[in-house]
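1. no FASTA, just this:
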């Protein structure tokens, strides 16, 4: 098996690192959510790639086919995609509220606004 | 309907009630339906717990697909014990929380209670299921609901706390998903019992080792194990009182339970502790949590944040019990998991009452409050005694078992560290007592009065439970020991 035949897995590793890096380094909330999306998608590709059986056909029962790819990872990932969409939606909704409340969605600005100061507690 | 068929309904009732509650108008109807569903979930959890202690294991296959093909709920002593804690806390908190929610979330309470029920059913789902992918799905259901609940906090910084939790929580859950993927790729099954049977045949495998590592790290994020606790203090501080009290009492415990399920049931402990240096890592991180958490708690000037850092420290005790890898250590962890739910629940309920009556949880505003609100502050102080671990409280029992487990594992030096960090807990609780009773009420302090009985009764129920379980330990110690034996016995 050559290195190239594992292309999917190299792509998974690349996307995973890229997304995770984006989550950690970017200060902008939208960019963090984008990074999170890339990070999650890489895991989806990992599952889907693992479901492929070499020489297997699409998992539909029919005449003359005996080797099928594994359909279960697709089903799992369908669920995980829904979870990912929901996470993105909640994240974006919070980002909108943050923009309304603070006038910025950038970590640096928010730090400058005194996020950790205790002055507002009585409010 | 027999008990096996009834058991899944403790998850299903809150899940089905949630959309219904979201549609209900006004303030009374959503609360009534939410409380009713939490109480029925509690009733089922109690019945399940009694059933499990007689029958051993209850299994329910969804859609009549026999496992490992279908998803099954598999309840033994360990998850019945955790489910009991979750449902009891949900029911007590909902009954208590109505007045605080009216104050802190004045509008669209239907949606708020619906989210709360989703969080409850998600946590219960994680606890009861016997399928590892199902764990991920329920983990995300409860987490997403929790992010939205935290964002409901009155302070605008609640939004930032919720966002930070969302990012860190999702990274943790995705790590868990990667780990589950590795397990599935190696074995072709998602059922916990099936996995436990198939994994030993694979033997030494880098993929399994990596999978276990991803699962442990992902769940360590969820359970706020030091130094992955950064999301916790602000989330607990700025969330509405009801949400702080509920998640402080349950959410991290469920993450701990599911981590133990993976380490001890899915992978056998012999494998987990040899494939990764878990004993060492848990010991070091637990000690870090115990001291860093207690130290940071000492420095806070906000009551809820102080309690949140104290939670970080208490998670350390639970993980320390796990690090021994013995039945005694695990029992101590489960015992502390339950007892800490009781004491932190009581403390956050007291903090919620103080916020409801005075509008602030800053330590400054506690000055002289002991004379004005004696019942609330006495409750706070007594729950604090349990947190320190003074007999005859539940906290003493869990420290006692933890120390016995340390001596049993021949790690006597840890006893000193446990006692030292308890002294730090004594220091921050003493500070609260000193503020509330020894100092005079400032002349310009706002007029406050004692809370109504409706708010005080649940607080005192929890406080008295702390004392009750400090004296009569049959339920807690028996349950925790059975839980530890169930975890160790099933896979090994």
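-> Nice, I can see it. None of the values given here were measured: they were computed from a predicted structure.
2. quick one: what helix or strand has residue B:148 in it?
-> Assigned by DSSP states H and E, residue B:148 falls within helix B:132-151.
3. ok, is that helix in contact with chain A or not?
-> Yes: contact of helix B:132-151 with chain A (CB under 8 Å from any CB of the partner chain) involves B:133, B:136-137, B:140, B:144, B:147-148, B:151. To be clear about C-beta, it is placed using only N, CA and C from the backbone, and glycine gets the same treatment.
4. for these, which one is nearest chain A?
-> Using CB to the nearest CB, residue B:140 comes nearest to chain A of the residues of helix B:132-151 next to chain A, at 4.5 Å.
5. mind listing what that closest one touches?
-> The neighbourhood of residue B:140, defined by CB atoms under 8 Å, 6 or more residues apart in numbering or on different chains, consists of A:83, A:86-87, B:122, B:173.
6. now with 7 Å?
-> A:83, B:173 (CB atoms under 7 Å, 6 or more residues apart in numbering or on different chains).
7. do the same with residue B:416
-> Contacts of residue B:416 by CB under 7 Å, 6+ apart: none found.
8. Could you identify the helix or strand that succeeds the helix or strand in which it is found?
-> Secondary structure assigned from DSSP H and E places residue B:416 in helix B:412-433. Beyond helix B:412-433 on the C-terminal side, the first helix or strand identified by DSSP H and E is helix B:453-471.
9. just checking, next helix/strand downstream of that next one?
-> Assigned by DSSP H and E, the successor of helix B:453-471 is helix B:474-491.
10. and the angle from that following helix to helix B:453-471?
-> Helix B:474-491 and helix B:453-471 are oriented at 70 degrees to each other (axes from the mean of the first three to the mean of the last three CA atoms, to 10 degrees).
11. Flag every buried residue along the helix holding residue B:416.
-> Buried residues in helix B:412-433, counted by 16 or more other CB atoms under 10 Å in any protein chain shown: B:414, B:417-418, B:421-422, B:424-426, B:428-429, B:431-433.
12. Indicate the residue of chain B located nearest to chain A.
-> Closest point on chain B to chain A, by CB to the nearest CB, is residue B:156, at 4.1 Å.
13. And the pLDDT at that residue?
-> Per-residue confidence (pLDDT) for residue B:156: 85.
14. Confirm for me that it is in contact with residue A:101.
-> Yes: in this structure, residue B:156 is within contact of residue A:101 by CB atoms under 7 Å, at 4.1 Å.
15. Burial check on the closest residue to residue B:153 other than its chain neighbours, number of neighbours?
-> Leaving out its chain neighbours, the residue that sits closest to residue B:153 by CB to CB, 6 or more residues apart in numbering or on different chains is residue B:238, at 4.2 Å. When counting by other CB atoms under 10 Å in any protein chain shown, one arrives at 27 neighbours for residue B:238.
16. Which residues are in contact with residue B:238?
-> B:150, B:153, B:155, B:157-158, B:161.
17. will you turn these into JSON lines that also has distance to residue B:126?
-> Listed next are those as JSON lines, based on distance: CB to CB, whole Å:
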{"residue": "B:150", "distance to residue B:126": "18"}
{"residue": "B:153", "distance to residue B:126": "24"}
{"residue": "B:155", "distance to residue B:126": "29"}
{"residue": "B:157", "distance to residue B:126": "28"}
{"residue": "B:158", "distance to residue B:126": "24"}
{"residue": "B:161", "distance to residue B:126": "22"}
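18. What remains of those residues if I keep only buried residues?
-> By 16+ other CB under 10 Å, these give B:150, B:153, B:155, B:157-158, B:161 as buried.
19. circling back to that earlier point, next SSE downstream of the helix holding residue B:148?
-> helix B:157-187.
20. Tell me which residues are up against whichever helix or strand comes after that next one.
-> For helix B:157-187, the following helix or strand on the C-terminal side (DSSP H and E) is helix B:192-202. Residues from elsewhere that reach helix B:192-202 (CB under 7 Å, 6+ apart): B:67-68, B:74, B:130-132, B:183, B:186-187, B:189, B:208, B:265-268, B:490-491.
21. got it, and stretch B:13-28?
-> Outside stretch B:13-28, the residues touching it (CB under 7 Å, 6+ apart) are B:30, B:33-34, B:37-38, B:40-41, B:102, B:109-111, B:113-114, B:117-118, B:120-121.
22. Only the buried residues of the longest helix anywhere in chain A, if you could.
-> Counting by DSSP state H, the longest helix found in chain A is helix A:72-102. Burial within helix A:72-102, assessed by neighbour count using 16+ other CB under 10 Å, is assigned to A:72-73, A:76-77, A:80, A:83-84, A:87-88, A:90-91, A:94-95, A:97-98, A:102.
23. and those residues near chain B, which?
-> A:76, A:80, A:83, A:87, A:90-91, A:94-95, A:97-98, A:102 (CB under 7 Å from any CB of the partner chain).
24. so which two of the residues you listed are the farthest from each other?
-> Farthest pair in those (CB to CB) is A:76 and A:102. Separation: 37.9 Å.
25. dump the residue contacts of the residue of chain A found nearest chain B.
-> The nearest approach of chain A to chain B comes at residue A:101, 4.1 Å away (CB to the nearest CB). By CB under 7 Å, 6+ apart, the contact set of residue A:101 is B:156, B:159.
26. Low-confidence stretches in chain A?
-> A:1-4, A:113-123 (pLDDT under 70).
27. now with 50?
-> Across chain A, the ranges flagged by pLDDT under 50 are A:118-123.
28. Kindly report the same for chain B.
-> If you take pLDDT under 50 as the line, chain B has these spans: B:491-492.
29. Would you mind naming what in it lies close to chain A?
-> Near chain A, when you scan chain B using CB under 7 Å from any CB, you find B:133, B:137, B:140, B:144, B:147-148, B:151, B:155-157, B:159-160, B:162-163, B:166-167, B:170-171, B:174, B:177-178, B:181, B:185, B:301-302, B:359-360, B:362.
30. Just the buried ones among those, please.
-> B:133, B:137, B:140, B:144, B:147-148, B:151, B:155-157, B:159-160, B:162-163, B:166-167, B:170-171, B:174, B:177-178, B:181, B:185, B:302, B:360, B:362.
31. Chain B contacts on chain A?
-> Counting by CB under 7 Å from any CB, chain A sits next to chain B at A:23, A:29, A:32, A:36, A:39-40, A:43, A:46-47, A:50, A:76, A:79-80, A:83, A:86-87, A:90-91, A:94-95, A:97-98, A:101-102, A:110, A:115, A:118, A:120-123.
32. make it 8 Å
-> A:20, A:23, A:29, A:32, A:36, A:39-40, A:43, A:46-47, A:50, A:73, A:76, A:79-80, A:83, A:86-87, A:90-91, A:94-95, A:97-98, A:101-102, A:110, A:115, A:118, A:120-123.
33. correct me, but residue B:91 touches residue B:37?
-> No: taking CB atoms under 8 Å as the definition, residue B:91 is not a contact partner of residue B:37, at 9.5 Å.
34. the more surrounded of these two?
-> A side-by-side neighbour count of residue B:91 and residue B:37, using other CB under 10 Å, places residue B:37 first with 27 against 22.
35. What strand or helix carries the more buried one?
-> Counting by DSSP H and E, residue B:37 is found in helix B:28-55.
36. from the chain's centre, how far out does whichever helix or strand comes after that helix sit?
-> Toward the C-terminal end, the helix or strand that comes next after helix B:28-55 (DSSP H and E) is strand B:58-61. Relative to the centre of its chain, strand B:58-61 is centred 25 Å away, using CA atoms, centre = their mean, to the nearest Å.
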